[in-house]
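Peer 1: Could you look at this predicted model? Sequence included:
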Amino acid sequence: MTVTLHEIAHTRTGDKGDTSNISLIAYRSEDYAVLVREVTAEKVEAWFAHLRDASAGPVRRYEMPQLQALNFVLPGLLRGGVTRSLALDAHGKCLGAALLRMEVRR
């Protein structure tokens with residue numbers, strides 16, 4: 001069965017310089033295993049490839065099982081930082097919402 005991430009998780013986001021981080025938090029404990037299995041750093045990197053400056057480094061994933069969450073650090077996603085970017089909606093909540101459109105196998 002395929003679902004979009006917004007059906008099984010929500011996000012929290014932050015930024016510092018040109019780096020954004022997106023935490024993906026499962027609604028239910030049984031769906032945390034789906035996130036760990038399906039939402040890899042490579043998939044998130046590919047998902048945002050059209051927005052990122054890949055020369056800034058790879059996407060990193062951190063697992064937080066106590067919170068049933070994954071945290072992704074995406075360097076180069078904000079293209080110089082929120083205050084310098086002309087794409088003012090390409091950060092924070094918009095990036096979290098974009099990730100929630102990804103489909104995964106449940």
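Peer 2: Here it is on my side, so go on.

Peer 1: contacts, neighbours, all on C-alpha from now
Peer 2: Noted.

Peer 1: give the contact list for the most centrally placed residue in the chain.
Peer 2: The residue lying closest to the centre of the chain (CA atoms, centre = their mean) is Ile22, at 4.3 Å. Contacts for Ile22 (CA atoms under 8 Å, 6 or more residues apart in numbering) come out as 11-14, 71-73, 95-96.

Peer 1: How about residues contacting the longest helix belonging to the chain?
Peer 2: Secondary structure assigned by DSSP state H gives helix 29-38 as the longest helix of the chain. Residues outside helix 29-38 that contact it (CA under 8 Å, 6+ apart): 8, 25-26, 63, 65, 68-70, 104-106.

Peer 1: Mean confidence (pLDDT) on it, please.
Peer 2: In this model, helix 29-38 has an average pLDDT of 97.

Peer 1: In it, which residues are buried?
Peer 2: Residues of helix 29-38 classed as buried: 31-36 (neighbour count, 16 or more other CA atoms under 10 Å).

Peer 1: Could you export it as PDB, CA atoms only?
Peer 2: Output in PDB follows, covering the C-alpha atoms of helix 29-38 (Å, rounded to 0.1, in the frame of the first residue of the first chain):
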ATOM      1  CA  SER A  29       4.600   4.500  16.800                       C
ATOM      2  CA  GLU A  30       4.100   1.700  14.200                       C
ATOM      3  CA  ASP A  31       4.600   4.200  11.400                       C
ATOM      4  CA  TYR A  32       8.100   5.200  12.700                       C
ATOM      5  CA  ALA A  33       9.500   1.900  11.200                       C
ATOM      6  CA  VAL A  34       8.000   3.000   7.800                       C
ATOM      7  CA  LEU A  35       9.800   6.300   8.000                       C
ATOM      8  CA  VAL A  36      13.100   4.700   8.900                       C
ATOM      9  CA  ARG A  37      12.800   2.100   6.100                       C
ATOM     10  CA  GLU A  38      11.400   4.400   3.400                       C
END
